[in-house]
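K.L.:
output the structure for:
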Amino acid sequence: MTSWIRVVEDSVPAVGQRPVYLVRKEFSLDAVPASVTLKASAHGLYTAFVNGVRVGRDELTPGYTEYSAHTQYQSYEVAGLLQLGRNALVFELADGWYRGAVGLLQVGDQYGKSVELWAELLDASVPGVPITATDNSWRSKPSHILSADLFMGQVEDLTQLDPAAYLVGQDPSEWIPVLEASYTGKLVPQTVEPNRVTEYLQPKSIRRLGPATQVIDFGQNLNGWVRLSQLGSVGTRITLTHGEWLDANGDVTLENLQVNFPIFPHPVECHQIDTVISDGNADSVFEPRYTTHGFQFVRVEGLDEDLDPANVSAAAVHTDLKRLGHFASSDERLNWLHQAADWSFRGNACDVPTDCPTRERSGWTGDWQLYAETAAFLYDVREFNRKFLTDVRINQKPDGMVMNIAPFERISTEGIPGASNGSSGWGDVLVQAPLMMYRAYGDTDQLAENFDAMVAWIEFAANLAATARHASRSDQPKKPYEDYLWDTGYHWGEWMEAGVEFDFFKFSESDKGLVATAYLHRSARDAATIAKILGKPAAVIVRLELLAENSRLAWRDEYLLADGRLTQPSQANYARSLAFGLFPTNLEAAAAAELNRLVVENGYRLSTGFLTTPMLLPVLCDHGYAETAYRLLFQEQEPSWLAMRNRGATTIWEQWHGVDADGVPHESLNHYSKGAVISFLHQYLVGLKPLTPGYSRFQVKPVPTSEVDWVELSLNTPHGLIQVEWRRSRDDFTVEVLVPDFTEAEVTLPGGSTHILAPGEHLLTCSL
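P.N.:
Next up, the predicted model:
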């Protein structure tokens, strides 16, 4: 029987200073089978080698999951690597997420105290009987990789590399016996696409700062590592420091990524530093595969000679998702925006949807709740979403509370609000992400898989609404509607609202019922729709519909004035409320006019925050203010997307002033959430929306602007390729549409005429 085994360590170094271990087994073959499968997994990160040859090209295996419940394994065909007689099966085994630094506080050992391995080699013709498998006969020892940590970086001494350690013929006495380990979770086959190096980027420039210091600009902020083949003479020690920006002296800075929040027990530094000691071999290459960094710039120290651009590249590492959607236009500003949003997602789609590839690398549910729809256009994210939501559900509390992060990080809550989970807009990922998969791909399976969990989340919110009151209402008589007013618990609310001075302690105590009750309404409403799709009992549907309606009435009673104005007027509150259908129909026009007024009076600049920014432009368009929406989109003054472009961004920033007017960087420069605005390009500028799940019927209803002369969009749907292209001249507007077989398109031209199109290529024109 195949066993989990663990590496034996005389002493365990501090987090970030632990070596990569070699774990090996030799075995004999009288004949090489026609088909042999290697199944492998680890608690940590592994790479397998058969007779010195690396198996596959996947990275960061077995991936990041809620290890206490389940760990993925991978399967590889390896018959071609085997030989008659003795064979060697060797694994490199690093800390990874399992016991390395994880999360904002970079706490190690969160999932386990030792690195562990599980593997078996199977002859396809003899099912169930491994050729060899992990047990206590395997042996291990530290490798030439002296330390490796996803946060702290990798240190590799090539002078200690022993190629023979990967081959047959090792003296067992020089290796330490392993011990068997117990694991109560499930081993599950990997179904999501693997993490891989998807491309290598060449330097845009290399500048020398000092006798042994050079700075590389790769021209693109990305997630991954540097591949370096120019390592100098034997004993040369080269240090690579990775950052997203340069300081005033043109050197790499990490200042924007240091964390010193007043609620945290101690400041946290961002470590993105790798080191290699050269063996002097001209063929040697340094590629630190057991760490990742978010960077555009790299400081290289220790190399006397000038770096040859041909000898250094940046590896873009992320989940190797299949590309589905493409967009291009006559306006380079929009092309930049689309590309920056795409790169931000790529940099944060590394096994889980992370918030940033530098400071936290955590699977925040709120970020994915916002971006899932956009991601589903760019890439096929069905399995990526399924894997993530599985871990969201695993960590859901018995009362229905959803944790903010998945997999859940086991960190001390001392000095941190322990009740910071269960936030509206974050836990709602269980409703919105499956719904986006359904609309994009027609996938009802994920609706069914998450239905019980989404209902539990809604009941959690409804219970808080019914049983608790915000402190500001504690001395007031309770009104009947308050049973549906969700104003307690911890909420991140309209996080990072532009132009609002932030005080964390006041923020934590403030009443966010206007936001939370809106999300209770939307999630209950959408869950009722999902229940109908799934054929759930009428009682379940009625319960959800009543929650949706009563929470909407509660919201209206508390926050809506008779003339359609809100008691807490802001761009965010109007945009969200209109997007969620909270206003009575007869007051929607007045509310939209008020939203438009707020934007105009703010100089056509947005002031929305984390949750509402993706909603702002669509809501304005939906209510007749397309001109305002486009003035916002093309705004170049901060806060705006194009201000990022004008200051040199290649990804979307966490803060609108990610790099300020003086060139000083602030916080993460690679956060994908604000990039969800590109769905506006797809759905409004081009006008493509699904009318039925999976685009079996779809709409093309362009909302053109004089700023753009042409657009092109393509999308691979479950029913085939959709292509839309429109062009405008002074007087005419032309639309070309490719409609896939067995689908139907409803095309509405700017002049107002609507055309139902059968499969095939179509050309439509109208006057402007």
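K.L.:
so which strand or helix has the nearest residue to W641 once chain neighbours are set aside?
P.N.:
Distance criterion CB to CB, 6 or more residues apart in numbering; nearest residue to W641, sequence neighbours excluded, is L337 at 5.5 Å. Every residue, glycine included, has its C-beta placed from N, CA and C. Per DSSP states H and E, L337 falls inside helix 332-348.
K.L.:
who does the next helix or strand after that helix touch, helix- and strand-wise?
P.N.:
Using DSSP H and E, the helix or strand that follows helix 332-348 towards the C-terminus is strand 349-350. Applying 3 or more CB pairs under 8 Å, 6 or more residues apart in numbering; DSSP states H and E, one finds that strand 349-350 makes contact with strand 312-319.
K.L.:
now for the strand it packs on, which elements pack on it?
P.N.:
Using 3+ CB pairs under 8 Å, 6+ apart, the elements in contact with strand 312-319 are strand 195-201, strand 213-228, strand 293-301, helix 332-348, strand 349-350.
K.L.:
need the ones you listed in TSV with mean pLDDT and mean neighbour count, can you?
P.N.:
Compiled in TSV, those are given as follows (pLDDT from 0 to 100; neighbours: other CB atoms under 10 Å):
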stretch	mean pLDDT	mean neighbour count
strand 195-201	98	17
strand 213-228	98	23
strand 293-301	98	24
helix 332-348	98	23
strand 349-350	98	24
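K.L.:
so who does the nearest residue to T567 once chain neighbours are set aside touch?
P.N.:
Excluding the flanking residues, the one nearest T567 by CB to CB, 6+ apart is Y559, at 5.1 Å. Neighbouring residues of Y559 by CB atoms under 8 Å, 6 or more residues apart in numbering: 513-514, 517, 566-568, 573.
K.L.:
show me which of those residues are buried.
P.N.:
Among the contacts of Y559, the ones that count as buried by 16 or more other CB atoms under 10 Å are 513-514, 517, 566, 573.
K.L.:
inside strands: which ones of these?
P.N.:
Among the buried ones among the contacts of Y559, the subset assigned to strands under DSSP state E is empty.
K.L.:
could I get those as a markdown table with distance to A592?
P.N.:
Shown next, in a markdown table, are these (distance: CB to CB, whole Å):
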| residue | distance to A592 |
| --- | --- |
| G513 | 23 |
| L514 | 18 |
| T517 | 20 |
| L566 | 12 |
| N573 | 13 |
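K.L.:
got the contact list for the residue nearest to W641?
P.N.:
By CB under 8 Å, 6+ apart, the contact list for L337 reads 641-642, 645, 675, 677-678, 681.
K.L.:
let me know the closest of the residues you listed to L22.
P.N.:
Lowest distance from L22 to these (CB to CB) belongs to G675, with 41.1 Å.
K.L.:
in this structure, which helix or strand is least confident?
P.N.:
Averaged element by element with mean pLDDT, DSSP states H and E, the chain has its least confident helix or strand at helix 504-509 (a mean of 77).
K.L.:
and E409, what's its pLDDT?
P.N.:
Listed pLDDT for E409 reads 86.
K.L.:
please look at it and G108 and confirm they touch.
P.N.:
No. Applying CB atoms under 8 Å, one finds E409 not in contact with G108, separated by 11.2 Å.
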